[in-house]
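Trainee: Quick check, what structure comes out for this input:
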Amino acid sequence: MFLQCPKCGKGGGNRLQRGGVFEHLLSFVYIYPYRCLSCWRRFRSFRWGTRYVRTQGNRRRHRRFQTHFPVVFSYGQTHGEGVVTNIAMGGCRLQTDVRLTEDTPLELKLQVPGSEIEIRVEMATVSSVGSFFAGLSFSQVAGAEKKRLRRFLVQLMTNQSEGVTCLENPF
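Mentor: Next up, the predicted model:
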């Protein structure tokens, strides 16, 4: 059964956690909440015979995609480079040799494949750190940059579902 957004008409969506008593009651008749991957609108859809069971696993808000592309970042007078190893609408995982600490605000320039133009994240906050990586949460992304990031993620999703490994220009 094909999932289609009622606002933009495009296919695809991520299943969301039910919000409130009304959505819990709707789930008894197979109506569940989703978020469109193109326009990010929340909507409900009838999914006959599908039962979703709550799991304690991944509770991230946005779907993550495996990637490998360069990024340049800065904070204050310090600059660094790294590689984005996975990305979502709300953040990414950055592999870098630069030692970062939690709660450090960064400015990012994502050099996504298939595009000559960088996607600029005005402010990303370091949410977790490891030996050679940092988990980043995007705090401020300008409107046009957010649209370009969204298009890039939709392209990743489309290529992933089709089994394509190289990216076409999503811009």
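Trainee: which parts of the longest helix along the chain are buried?
Mentor: In the chain, with assignment by DSSP state H, the single longest helix is helix 143-162. Using 16 or more other C-beta atoms under 10 Å as the test for burial, helix 143-162 gives 145-146, 148-159. From N, CA and C alone the C-beta is placed, and that goes for glycine too.
Trainee: name the element residue 22 belongs to?
Mentor: Assigned by DSSP states H and E, residue 22 falls within helix 20-27.
Trainee: buried set for that helix?
Mentor: The neighbour-count check on helix 20-27 (16+ other C-beta under 10 Å) flags 26, 27 as buried.
Trainee: How about residues contacting that helix?
Mentor: 18, 32, 33, 44, 52 (C-beta atoms under 8 Å, 6 or more residues apart in numbering).
Trainee: I'd like the next helix or strand past that helix.
Mentor: Reading on from helix 20-27 to the C-terminus, the next helix or strand found by DSSP H and E is strand 31-36.
Trainee: Which is the succeeding secondary structure element to that next one?
Mentor: That would be, after strand 31-36 and using DSSP H and E, strand 42-46.
Trainee: Which elements pack onto that next one?
Mentor: Applying 3 or more C-beta pairs under 8 Å, 6 or more residues apart in numbering; DSSP states H and E, one finds that strand 42-46 makes contact with strand 31-36.
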